[in-house]
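Asks: all I have is the shape, not the residue letters:
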DNA sequence: AGCACTCGTGCGCTATAACGTACAAGCCCT
DNA sequence: AGGGCTTGTACGTTATAGCGCACGAGTGCT
């Protein structure tokens, strides 16, 4: 990891160059003076959060792009044996196995879900920014997404916004097993 | 999303209370004056990034905890049909299917990998903070992790640090198929 | 060559961050 | 009751962020 002020300087200059903006143009877009932007880009000044907020807004980015990601340090290995995963059915017919529990460092959790024939589940919208990723392992299923049922079969992968009403159903004659990775909000 | 200064104020106060620290104690741990910390917590001052860096360090957190996550807005649905996924073998015997390509917003990519019998693959360390998540779909395999081969069978899930040398092998008589989710760095 | 314009940087000034110190309030102990 | 200590906030001072303006360098056009 480098000095955070240097990282910020570098990212800001790269962003501005990607947009093809002069310091003058960037000043107009962000509401921060071009002298100040120049100082920040040269690493000569440490801006306040308020100023960085204005800069990020002008570039239509989150402040977090200006912060160097921290490597996850010393996280342990986790091995979850299949014997202990699938013995805890949810209080309905759908089987749920937690493959990877939520960990704030990664921002997601992952389950293996088994829908018996005829099963249907509707879910309310999750919090803004939540995205689900499904991969069908066996069988076929349908996913309600954006008011429409999408058909998925073994091997298909689907990513969709889960911050609106959605659902799953199995209208086939056999169990369908799929992985569901739920990611919360953006980096 | 609320005012970033109010979000920062709230998070800082919560963190300090979780640690059970007084302003005085927090000043000693962070190297930032207690008057200043008090002002930040009351939302009366917008600290510079340099000051925020000292505060984050004192609490042993990344700066990003002080920044409100941005909901992913308007991301499209992606459906990848199995027919188009597994027809592109890598230039060796291992089959690779990209289920979810890397997307900076989520910070990960996910593959389905198929190792034929006898196949062995050793990988060099990836960049710091990279973590792999494996789930075995069919067959059995071994993963070299931290200098040791771990045995995995159908249904097992494993998360491990991939920023050191690692590897996979299939010493059984049948193909092994598994999912590999690779997460890059922490939020 | 000369002029106009853009670009990034330097400088002087103002506003605010950041600090050290003092103070009020509350609590605990004698 | 009184003293000592902790806690958070107020205040005066210093350091720096942040701005407006000026300047030099480079480019393009006539």
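Replies: Done, it's in. Worth saying up front: this structure is predicted, and the values here are computed from it rather than measured.
Asks: could you list every helix and strand in contact with the lengthiest helix in chain A?
Replies: In chain A, assigned by DSSP state H, the helix with the most residues is helix A:4-19. Helices and strands touching helix A:4-19, by 3 or more C-beta pairs under 8 Å, 6 or more residues apart in numbering or on different chains; DSSP states H and E, are helix A:23-30, helix A:34-41, helix B:49-58. Just so you know, the C-beta spots here come from the backbone N, C-alpha and C atoms, and that holds for glycine as well.
Asks: residue B:169: which of those is closest?
Replies: Residue B:169 lies closest to helix B:49-58 among the helices and strands packed on helix A:4-19, at 41.2 Å (C-beta to C-beta).
Asks: so how far is residue A:100 from residue A:78?
Replies: Applying C-beta to C-beta, to the nearest Å, the value for residue A:78 to residue A:100 is 7 Å.
Asks: make that residue A:117, sorry
Replies: With the distance defined as C-beta to C-beta, residue A:117 ends up 28 Å from residue A:100.
Asks: the two: which has the busier surroundings?
Replies: residue A:100 (20 against 13; other C-beta atoms under 10 Å in any protein chain shown).
Asks: next, the angle from the longest helix of chain A to helix A:49-58.
Replies: Angle between the axes of helix A:4-19 and helix A:49-58 is 20 degrees (criterion: axes from the mean of the first three to the mean of the last three C-alpha atoms, to 10 degrees).
Asks: in helix A:4-19, what counts as buried?
Replies: Across helix A:4-19, burial judged by 16 or more other C-beta atoms under 10 Å in any protein chain shown covers A:4-5, A:7-9, A:11-13, A:15-16.
Asks: let me know the closest of these to chain B.
Replies: Minimum distance to chain B across the buried residues of helix A:4-19 is 5.0 Å, recorded for residue A:4 (C-beta to the nearest C-beta).
Asks: OK, contacts around that closest one?
Replies: Contacts of residue A:4 were listed using C-beta atoms under 8 Å, 6 or more residues apart in numbering or on different chains, and they are A:67-68, B:49-50, B:53, B:63.
Asks: now with 6 Å?
Replies: Residues near residue A:4 by C-beta atoms under 6 Å, 6 or more residues apart in numbering or on different chains: residue B:53.
Asks: same question, the one 4 residues further on
Replies: For residue A:8, the set of contacting residues under the criterion of C-beta under 6 Å, 6+ apart consists of residue A:66.
Asks: on that earlier part again, mean confidence score for the longest helix of chain A?
Replies: Average pLDDT, helix A:4-19: 92.
Asks: which of the helices or strands spans residue A:112?
Replies: Using DSSP states H and E, the element containing residue A:112 is strand A:108-115.
Asks: tell me the domain boundaries of chain A?
Replies: What automatic domain parsing lists as the domains of chain A is A:4-66, A:82-183.
Asks: okay, the helices and strands packed on helix A:4-19, which one's buried deepest?
Replies: Each of the helices and strands packed on helix A:4-19 was scored by mean neighbour count; the highest is helix B:49-58, a mean of 20, by mean count of other C-beta atoms under 10 Å in any protein chain shown.
Asks: helices or strands up against that one?
Replies: Secondary-structure packing of helix B:49-58 (3 or more C-beta pairs under 6 Å, 6 or more residues apart in numbering or on different chains; DSSP states H and E): helix B:23-30.
Asks: how near is the residue lying farthest from the centre of chain A to residue B:101?
Replies: Distance to the chain centre peaks in chain A at residue A:35, reaching 35.8 Å (criterion: C-alpha atoms, centre = their mean). As judged by C-beta to C-beta, residue A:35 and residue B:101 stand 41 Å apart.
Asks: same question for residue A:14.
Replies: In terms of C-beta to C-beta, residue A:14 sits 23 Å off from residue B:101.
Asks: still on that earlier bit, for residue A:78 and residue A:100, list the residues in contact with both.
Replies: Common neighbours of residue A:78 and residue A:100 (C-beta under 6 Å, 6+ apart) are residue B:159.
Asks: which stretches of chain A have low pLDDT?
Replies: Where chain A drops to pLDDT under 70, the residues are A:1, A:69-77, A:81-91, A:186-187.
Asks: one more pass at 50, please.
Replies: Scanning chain A for pLDDT under 50 picks out the ranges A:74, A:187.
Asks: which bits of it sit near DNA strand D?
Replies: A:31-36, A:39-40, A:44-48, A:50-51 (C-beta under 7 Å from any atom of the strand).
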